[in-house]
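Undergrad: My questions are about this predicted structure, shown below with the sequence.
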Amino acid sequence: MVGQVGAGALREILVVLALGLAGLLLALLAAFTPWYAPTTTPPRPQIVEMHAPAEPPPGQTSHAAIG
């Protein structure tokens, strides 16, 4: 079963290994390089309004905590 390996078979194995290595390199580049340009300026503060919910009228209970 053991035969001689010709130059064509060796070349084919080297091509497969080279393509696999190139694919691995591209996958590593895609995974570890930033996909967007980093900002050079610090983020500006944003104004956010917060409102508390209105109190229920007297005599009416809130059902928000049931469950």
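TA: Looks like it came in fine.

Undergrad: Run through the protein and note the low-pLDDT ranges.
TA: 1-3, 5, 61-67 (pLDDT under 70).

Undergrad: can you count the residues close to residue 41?
TA: By other Cβ atoms under 10 Å, the residues close to residue 41 number 5. C-beta here means a position set from N, CA and C on the backbone, and glycine is covered the same way.

Undergrad: That one in helix, strand or coil?
TA: Recorded secondary structure, residue 41: coil (DSSP: H, G, I helix; E, B strand; the rest coil).

Undergrad: how near is residue 21 to residue 36?
TA: 28 Å (Cβ to Cβ, to the nearest Å).

Undergrad: again with residue 22
TA: Taking Cβ to Cβ, one finds residue 22 at 25 Å from residue 36.

Undergrad: higher neighbour count, the two?
TA: Per other Cβ under 10 Å, whichever of residue 22 and residue 36 has more neighbours is residue 22, with 10 against 5.

Undergrad: could you pull out the helices for this protein?
TA: For the chain, applying DSSP state H gives helices covering 7-32.

Undergrad: Residue most distant from the centroid, it?
TA: residue 59 (51.3 Å; Cα atoms, centre = their mean).
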